Each structure stands twice: as structure tokens, then as C-alpha cells.
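**Student:** coords please:
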Amino acid sequence: MSSIANLEPLVLEQLQSLSLDPARPLIISDADEVLLKFVAGLETYLQGRDMWLDLQSFALSGNIKRKNTNEIIATEEVPDLLSDFFAAATGDLEAVTGAADALAALHKRGAQIIVLTNVPHAQRHVRQECLARQGLDYPVIANQGLKGPAVTYLAQQCEGPFFFLDDIPHNIASVAKAHAPTKCIHFIADKRLAQLIDPAKDSQIQSSSWPHTHAYIENELAQLGH
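**Tutor:** Numbers count the residues shown, from 1 in each chain. I've put the predicted structure just below:
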């Protein structure tokens, strides 16, 4: 089945607006906890609302608490809280150390870079501006749901090789199932968070370091003659 059939219209419209070179390698990267310090930004936001993040598991539900009482924020409240966070703070997140330098070097040697993020569509341009301001000036696609369909669509436009970076295992599983040739990198910038989860079983490597990730991609490209 064509990946187009599985894509939300807003996502497909963004993907179709891209101009890709079929002969160049393609790196598709998530933003939160890969290019941007999502957890640190969320912690700052929560502090301003008298809450805190108690990193006891690889999840937000059950780990956001009120400061004074340590009362856990109800699971059903978390989506609205995250929506408010994205509306208020998307433009304020700091870039992950080393991300801009690594991707600039990979771009210079010929790789195309697309940011595929599940940021709300209303914040897409704010996210793009935030990234560009910190040396990560690449096209941003505001995805919805699992990322396998979008990655498959992108891969159909190019010959490869293909690399996909994400912090969420089910996104990596989705991509691995949808497009097996893609090399998946399970990247979690916040080392506290990374320690709470095993490497995604469908990933080639798990990393919290952009120099490590850069070296891996460079080595793969060299082996494939790029």
C-alpha cells in the first residue's frame, strides 16, 4: 500500500512541498530530545506552574507532580498540559549540544536533512525558527501519529542511504516496519531519561551523544560509498 494512503492531509501537504535530490543521502531527525532539550524545557515550564518532573520511568504520565504536595497530575490532564507547554515554550527550547555541528558537517558532505517532529501544527513555524536560530536551519515537517508513513514517503523520493533518529521506541518500530533499509538511531539527549529505557530493539544504535552519532553515520556513509 502506498504510504500516501496512511498520511494525514496536513502532513502529506508538507511532504509534497519538499524539494529532494534523489541521489543524496537522507537524514530524518526527530526534534524533541534529539535536536532540542525537551525535558529540560518542560522542567522549566513546570516549575513556573508549581509542578515538577519526577523521572521515575520513561513516560510523562504518572511522573508530573505538584510541588507542595507531590500529588501526581492525573493522566487525563497531561495532554492539555503538554498542549499548553508547546504553545508557550516551543520557541524557547535549547539545542542539544553538538547537534548543529554534526548535522552541518553531514550536510556539507552531501546529506539532506529533514526534521520530522510531532509538534502541533500550529507551532511548526515557531519550531523551525527556534531550530534555525541555533544553527539547525532545515525543513521541518509537523507530523501526526507514528512516523513510518512519512519516512516511507520520503524514502520513495530518494535512492538512499537513509537514517532516522528518534527518542521514542514505537516511532523507531514504525519506521523499521515500514521501511527496512532505513538505519534507525535511538537518540535520547537527556541521560537521565536514557537510563530509564532499553535501546529500541529495531535500532542500530542507542546514543545520547552527537559526536558518537555523527561518527556512526559517517562510517555508514563511507562504507556505502558516499
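**Student:** list the buried residues in the longest helix anywhere in the chain.
**Tutor:** With secondary structure taken from DSSP state H, the chain has its longest helix at helix 210-223. Buried positions in helix 210-223, judged by neighbour count with 16 or more other CB atoms under 10 Å: 210, 213-214, 216-218, 221. All C-beta spots, glycine's among them, are computed from the backbone N, C-alpha and C.
**Student:** contacting residues around stretch 103-112?
**Tutor:** Applying CB atoms under 8 Å, 6 or more residues apart in numbering, the external contacts of stretch 103-112 come out as 20-21, 24-27, 29, 113, 135-136, 138, 158, 214, 217-218, 221, 226.
**Student:** mind giving me the domain split of the protein?
**Tutor:** For the chain, whose domains are defined here by automatic domain parsing, the residue ranges read 3-37+95-223, 39-92.
**Student:** among those, which is the most enclosed?
**Tutor:** Among the domains of the chain, the stretch with the highest mean neighbour count (mean count of other CB atoms under 10 Å) is domain 3-37+95-223, at a mean of 19.
**Student:** for Ser57, report the pLDDT, please.
**Tutor:** As summarised for this prediction, Ser57 has a pLDDT of 89.
**Student:** before we move on, what about the one 5 residues further on?
**Tutor:** Listed pLDDT for Gly62 reads 91.
**Student:** ok, now which ones touch it?
**Tutor:** 56, 72, 75.
**Student:** Three-state assignment for it, please.
**Tutor:** When states are read from DSSP: H, G, I helix; E, B strand; the rest coil, the local structure at Gly62 comes out as coil.
**Student:** likewise Pro79?
**Tutor:** The assignment at Pro79 comes out as helix when based on three-state DSSP.
**Student:** and the helix or strand encompassing Ala87, what does it pack against?
**Tutor:** Ala87 is part of helix 78-89, with elements assigned from DSSP states H and E. Packed against helix 78-89 by the contact rule (3 or more CB pairs under 8 Å, 6 or more residues apart in numbering; DSSP states H and E) you find helix 38-47.
**Student:** tell me the mean pLDDT over the helix it packs on?
**Tutor:** Computed over helix 38-47, the average pLDDT equals 97.
**Student:** hmm, back to that, can I get the contacts of Gly62 in JSON lines including distance to Leu106 and secondary structure?
**Tutor:** Compiled in JSON lines, these are given as follows (distance: CB to CB, whole Å; DSSP: H, G, I helix; E, B strand; the rest coil):
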{"residue": "Gln56", "distance to Leu106": "35", "secondary structure": "coil"}
{"residue": "Ile72", "distance to Leu106": "41", "secondary structure": "strand"}
{"residue": "Thr75", "distance to Leu106": "39", "secondary structure": "helix"}
